[in-house]
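Engineer: here's a sequence, model it:
(2 chains)
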Amino acid sequence: MTGKLTSIEGVAVPLLWDNVDTDALVPAAPHKRINGGGRDRLHEVLFHEFRFDAAGHLKPDFVLNDVQFAEGPILLAGENFGCGSSREVAVWALLDYGFRAIIAKSFAEIFEQNAYKNHLLPATVDAATHARIVSALSRPRPPQMSIDLVARHIEIDGQAIGSFSADEMGLEMIVQGVDEFALTAQYIPDIVATQRRLTEACPWLAG
Amino acid sequence: MPRTLFEKVWQSHTARTYGTRDLLTLDRVFLHDMTSLPAFETLRARNLAVADVARTLAVIDHTVATASGRTEETYPVMAPTVRAFRREVTERGIPLIGLGDPAQGIVHVVAAEQGAVLPGMTAVCGDSHTCTNGALGAIAFGIGSTEIAHALAYQALWLPRPKSLRVTVNGVLDPWVSGKDIALAIISRFSTDGGTGCAVEYAGSAIRALSVEERMTLCNLSIEFGARIGLVAPDDAVFSYLDGRPRTPKGAAFDAAVSAWRDLASDDDAHFDKEYAIDARSIAPMVSWGTSPEDAIPIDGAVPDPGTARDQSQRSRWERALVYANLNAGKPILGTPIDVAFIGSCTNARLSDLRAAARIVDGRKVAPAVRALVVPGSSGVKRQAEAEGLDRIFRNAGFEWHESACSLCAALGPDVVGRGKRCASTSNRNFENRQGPGSITHLMSPPMVAAAAVNGAITDVRTLARTLA
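Structural biologist: Sure, this is the predicted structure:
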């Protein structure tokens, strides 16, 4: 887990498809091939079927294979990013590739929660802000984007573009560099009391 | 204050609130071989133990072979994962249903068969289709591996409180239209993120008329509708489904449970944040054409023309889907040749699914160039199907008859469709490469897959059913 994170700066990679699913992010076949390898090999499988053809050669028309976008660390997506499976490798692969933030019009729920837990920022923007970012990214040289996590604000080449929304607790975990395990540990008595109340009324809930 | 089914279960399980999140206590944590190992790593790294093994159940299903006589070693690629999973759960004292166990099967099918999920419970598993057992009136949902670790350690999770959405389906379904078709109709009409952020309750006369197993199919597909949670109010059909199952309360305890479960249904005047409705009589057998579950059309429909898309992003997605699926816009989906027919998965491989497909297959043959396979949802389903002679009907027609696992639904084991091959599938996702690299998936109900297998092409099951009658 990283330390505090208050801003993310760099190139934004436009992948404006809607419904980018978890099988697109981490397809089963290459994931199985590196099974047993650590998380530091997951960059190899991210978007594997879009980056490589069946013979393993790079597909030149896929945005991640465009050298000017090779560095990330921000991915600009469309709607419903991360739909599908609960596989957390989808988030780990994005992080291992070098992404620190995904900006989208909306996210699938399980992916979004997995992202927070790994301090990958899922930033939701409205349609107007999204359109302004898309138009700025169509410049000949990819502009520098800056995301202020505290002010929830996005700038491109120093110009204000708009704000993003994020889950309060999830964003706080990213900014503070913490996770909810320590928080939960303080509330064990509440959990135990709730379970006791439930099993007294409904004994079948116990194992 | 009137409350929904979802609110009754959620509120009773909330231990604490923090901003927009609730700390929800969990009655059951289910584990399987694909997503659990990172959770055990997290527990080790944090020096945390499993809080309550009695509320935890592990099943092996995702990464294993389905050939007759298979073991954990049959698929060498994933065998180390399966072995490590078995070792982890065994060392921690977590009950395990592994290969060779008569109760083995796909985790969500097994959980219901064992009576391990009951009405009014909260249950989680590291699989997005955990929502399947919302059909029993439980809040059941999929989680990531870090959440699995948290759930094991604390028997609770911090969750954003979902909005409530009711989808009402009134009217009588036509023959050969099933829970699968209702789900695909809902998703195609209201889009694959129409339920995002919501707990969906399915209600209405058509839902009440569904068998419990069809409700499981419907709730299973909630995640393809964007919703992590899908539920149906528990009723007599659910209570009789659960009666006598291994982990269901017995005797007077069962009667007491049933009387509590009767109070779970949404109150008549309960408020839902969103309401959708669909007329059961408007639903035909459905088939997907593209690469999202929302790309579904009635069997007599045409592959859509991107020129009719609602906006530029849908148009470009449709264009990519048409290229991937190798289909022409505007052409009927009927008659599209298939290479593979798959009856399996947590969506549609229960006994009633196999029975419905067998009615179409009985006395017929699988088309010559088609590979057709049945992978029962559980070993129990397989045994019962064999006792009824369904396996002979499928085998005589040319179907392969497999051991239970996730198989071609997720292609995490050895079973794959093949590059450029087209599969009529009872599973839940038609994503690109989902059934193996280059696979093309058409989602449909079990009888529709059976009809496609027999004709070698996408078929309206009702045309075969008529000759049957």
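Engineer: only C-alpha atoms from now on, for both contacts and neighbour counts.
Structural biologist: OK.
Engineer: mind listing the residues bridging to B:Leu443?
Structural biologist: For B:Leu443, the beta-bridge assignment (DSSP bridges) gives partners B:Ser425.
Engineer: that one against B:Arg434, yeah?
Structural biologist: No: the criterion here is CA atoms under 8 Å, and B:Leu443 misses it with B:Arg434 at 11.9 Å.
Engineer: which of those two has more neighbours?
Structural biologist: Set B:Leu443 next to B:Arg434 and count neighbours by other CA atoms under 10 Å in any protein chain shown: B:Leu443 wins out with 30 against 26.
Engineer: contact partners for that one?
Structural biologist: Residues near B:Leu443 by CA atoms under 8 Å, 6 or more residues apart in numbering or on different chains: B:Val287, B:Ser288, B:Pro293, B:Ala424, B:Ser425, B:Thr426, B:Ser427, B:Asn428, B:Arg429, B:Asn430.
Engineer: just checking, B:Ala397 touches B:Asp362?
Structural biologist: Yes: using CA under 8 Å as the test, B:Ala397 is close enough to B:Asp362 to be in contact (7.3 Å).
Engineer: tell me which of those two has more neighbours.
Structural biologist: Set side by side, B:Ala397 and B:Asp362 show more neighbours around B:Ala397, with 20 against 17, by other CA under 10 Å.
Engineer: relative to chain A, how far out is the more buried one?
Structural biologist: Distance check for B:Ala397 against chain A: by CA to the nearest CA, to the nearest Å, it reads 31 Å.
Engineer: what's near enough to touch that residue?
Structural biologist: So B:Ala397 contacts B:Val361, B:Asp362, B:Gly363, B:Arg364, B:Lys365, B:Val366 (CA under 8 Å, 6+ apart).
Engineer: pull out the buried members of the residues you listed.
Structural biologist: B:Val361, B:Asp362, B:Arg364, B:Lys365, B:Val366 (16 or more other CA atoms under 10 Å in any protein chain shown).
Engineer: setting aside sequence neighbours, what's the nearest residue to the third one?
Structural biologist: Read it as B:Arg364. Once flanking residues are discounted, B:Arg364 sits nearest to B:Ala397: 5.7 Å by CA to CA, 6 or more residues apart in numbering or on different chains.
Engineer: how about the strands in chain A?
Structural biologist: Ranges of strands in chain A, per DSSP state E, are A:7-14, A:73-76, A:101-104, A:121-124, A:144-148, A:153-156, A:159-163.
Engineer: can I get the ones you listed in CSV including mean neighbour count?
Structural biologist: Shown next, in CSV, are those (neighbours: other CA atoms under 10 Å in any protein chain shown):
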stretch, mean neighbour count
strand A:7-14, 21
strand A:73-76, 22
strand A:101-104, 24
strand A:121-124, 24
strand A:144-148, 20
strand A:153-156, 20
strand A:159-163, 16
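Engineer: before we move on, back to that, and which of the contacts of B:Ala397 is nearest to A:Ile133?
Structural biologist: The closest of those to A:Ile133 turns out to be B:Val366 (CA to CA; 52.7 Å).
Engineer: check contacts around the closest one.
Structural biologist: Residues in contact with B:Val366, defined by CA under 8 Å, 6+ apart, are B:Ala372, B:Ala397, B:Gly398, B:Phe399, B:Ala453, B:Val454, B:Asn455, B:Gly456.
Engineer: which one of those residues is nearest chain A?
Structural biologist: For the contacts of B:Val366, the closest approach to chain A (CA to the nearest CA) belongs to B:Ala372, at 21.8 Å.
Engineer: give me the element that closest one is part of.
Structural biologist: Following DSSP states H and E, one finds B:Ala372 within strand B:371-374.
Engineer: list the strands paired with that strand, with their directions.
Structural biologist: Take DSSP bridges as the rule and strand B:371-374 pairs in its sheet with strand B:340-343 (parallel), strand B:400-401 (parallel).
Engineer: low-confidence ranges, the chain, go.
Structural biologist: Just so you know, I chose chain A. Within chain A, the ranges that satisfy pLDDT under 70 run A:1-2, A:36.
Engineer: that's the other chain; I wanted chain B
Structural biologist: Along chain B, the parts satisfying pLDDT under 70 run over B:467-469.
Engineer: from chain B, how far out is A:Ile133?
Structural biologist: Here the criterion is CA to the nearest CA. By it, A:Ile133 lies 15 Å from chain B.
Engineer: which residues touch the nearest residue to that residue once chain neighbours are set aside?
Structural biologist: Nearest residue to A:Ile133 in three dimensions, chain neighbours excluded: A:Ile161, at 7.0 Å (CA to CA, 6+ apart). Contact partners of A:Ile161, counting by CA under 8 Å, 6+ apart, are A:Thr129, A:Arg132, A:Ile133, A:His153, A:Ile154, A:Glu155.
Engineer: now the element after the helix or strand where B:Glu386 lies, going C-ward?
Structural biologist: B:Glu386 belongs to helix B:379-387 when assigned by DSSP H and E. Along the chain past helix B:379-387, the next helix or strand (assigned with DSSP H and E) turns out to be helix B:390-397.
Engineer: any idea of the angle that following helix forms with helix B:379-387?
Structural biologist: If you take axes from the mean of the first three to the mean of the last three CA atoms, to 10 degrees, helix B:390-397 sits at 70 degrees to helix B:379-387.
Engineer: export helix B:390-397 as CSV, just CAs?
Structural biologist: What follows is helix B:390-397, C-alpha atoms only, in CSV (Å, rounded to 0.1, in the frame of the first residue of the first chain):
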residue,chain,number,x,y,z
LEU,B,390,-31.6,-37.4,-19.2
ASP,B,391,-27.9,-38.3,-19.8
ARG,B,392,-29.0,-41.0,-22.2
ILE,B,393,-31.2,-38.6,-24.1
PHE,B,394,-28.3,-36.2,-24.5
ARG,B,395,-25.7,-38.8,-25.2
ASN,B,396,-27.9,-40.6,-27.8
ALA,B,397,-28.2,-37.3,-29.6
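Engineer: chain center to that helix, what's the gap?
Structural biologist: Here helix B:390-397 is found 24 Å from its chain centre; the criterion is CA atoms, centre = their mean, to the nearest Å.
Engineer: kindly report the same for stretch B:92-104.
Structural biologist: Averaging C-alpha positions (CA atoms, centre = their mean) puts stretch B:92-104 21 Å from its chain's average.
Engineer: which residues touch that stretch?
Structural biologist: With CA under 8 Å, 6+ apart, stretch B:92-104 has contacts from B:50, B:53-54, B:56-61, B:71-72, B:86, B:89-90, B:110, B:378-380, B:404.
Engineer: how is chain B partitioned into domains?
Structural biologist: Residue ranges for the domains of chain B, per automatic domain parsing: B:5-261, B:295-468.
Engineer: biggest separation within the contacts of A:Ile161, which pair?
Structural biologist: Of all pairs drawn from those, the greatest distance, 13.5 Å, lies between A:Arg132 and A:His153 (CA to CA).
Engineer: what sits against whatever residue of chain A ends up closest to chain B?
Structural biologist: Going by CA to the nearest CA, chain B is nearest to A:Gly207 of chain A, at 4.5 Å. Taking CA under 8 Å, 6+ apart as the contact definition, A:Gly207 lies against B:Asp27, B:Arg28, B:Ala54, B:Arg55, B:Thr56.
Engineer: cool, A:Ala104 as well?
Structural biologist: A:Ala104 makes contacts with A:Leu76, A:Ala77, A:Gly78, A:Glu79, A:Asn80, A:Phe81, A:Pro122, A:Ala123, A:Thr124, A:Val125, A:His130, as judged by CA under 8 Å, 6+ apart.
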